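Engineer: Fold the following, please.
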Amino acid sequence: MTAPPRVSDLTPLISRSVPFLLHCAAFHSTRCVADALEPVGIEPRHFGVLCTLHSSGPLSQGSLGERLGIDRTTMVQLVDDLERRGLVERKRNPHDRRSYQLTLTPAGEETWARAKELAEGSEDQVLAVLDDDERDALRELLARVVLAHDRP
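Structural biologist: Numbers count the residues shown, from 1 in each chain. Next up, the predicted model:
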């Protein structure tokens, strides 16, 4: 991913554009969390899968992909990768023998716990210029914007 331009190098019109600023913030945040997760050998997209399985418990691959907005092909690749690493396992769904449920392995739980700490540290790094009240306000405002455009 190519870094966005420096805001200080742009005209005031684009440098005050909310979509552009959100793009730049997302780039820096994603890069920071990716760097933070390197010690545990996972990427941000792996972390999303681990977080969802940790929070929700066993899910089918299709349900997991729907929750995360990940297409079927990419989801298969992600799960295969996590399974190879010993972090996720496919188990027969006890309610539907034709399908599988994904669960975190003990190593997956350990990786999730360590990755969560690292990701939180990266958030602190990205938001270091904001105090606690500003961070809470930013979270609230971003959540409102995202929820307003949430797909059904």
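Engineer: Let me know how buried residue 144 is, in neighbour terms.
Structural biologist: 10 (other CB atoms under 10 Å). For every residue, glycine as well, the C-beta is placed using N, CA and C.
Engineer: Give me the distance between it and residue 138.
Structural biologist: 11 Å (CB to CB, to the nearest Å).
Engineer: Residue 68 too?
Structural biologist: From residue 68 over to residue 138 (counting by CB to CB), the distance is 22 Å.
Engineer: cool, residue 4 as well?
Structural biologist: From residue 4 to residue 138 the distance is 19 Å (CB to CB).
Engineer: what's the closest non-adjacent residue to the spatially most central residue of the chain?
Structural biologist: Geometric centre of the chain, nearest residue: residue 48, 4.0 Å, by CA atoms, centre = their mean. Once flanking residues are discounted, residue 48 sits nearest to residue 68: 5.5 Å by CB to CB, 6 or more residues apart in numbering.
Engineer: Surely that neighbour and residue 50 touch.
Structural biologist: No - using CB atoms under 8 Å, residue 68 is not in contact with residue 50, being 11.1 Å away.
Engineer: For residue 41, grab phi and psi.
Structural biologist: Dihedral pair for residue 41: phi 70, psi 30, per degrees, to the nearest 10.
Engineer: Quick check, pLDDT for the nearest residue to it once chain neighbours are set aside.
Structural biologist: Spatial nearest neighbour of residue 41, chain neighbours left out: residue 85 (7.1 Å); criterion: CB to CB, 6+ apart. pLDDT recorded at residue 85 is 95.
Engineer: do you know how far residue 85 is from residue 128?
Structural biologist: Distance, residue 85 to residue 128, using CB to CB: 31 Å.
Engineer: just to revisit the earlier point, and the residue nearest to residue 48, what does it touch?
Structural biologist: Applying CB atoms under 8 Å, 6 or more residues apart in numbering to residue 68 gives the contacts 48-49, 52, 75.
Engineer: Relative to residue 114, how far out is it?
Structural biologist: Note on residue 68: its distance to residue 114, by CB to CB, is 21 Å.
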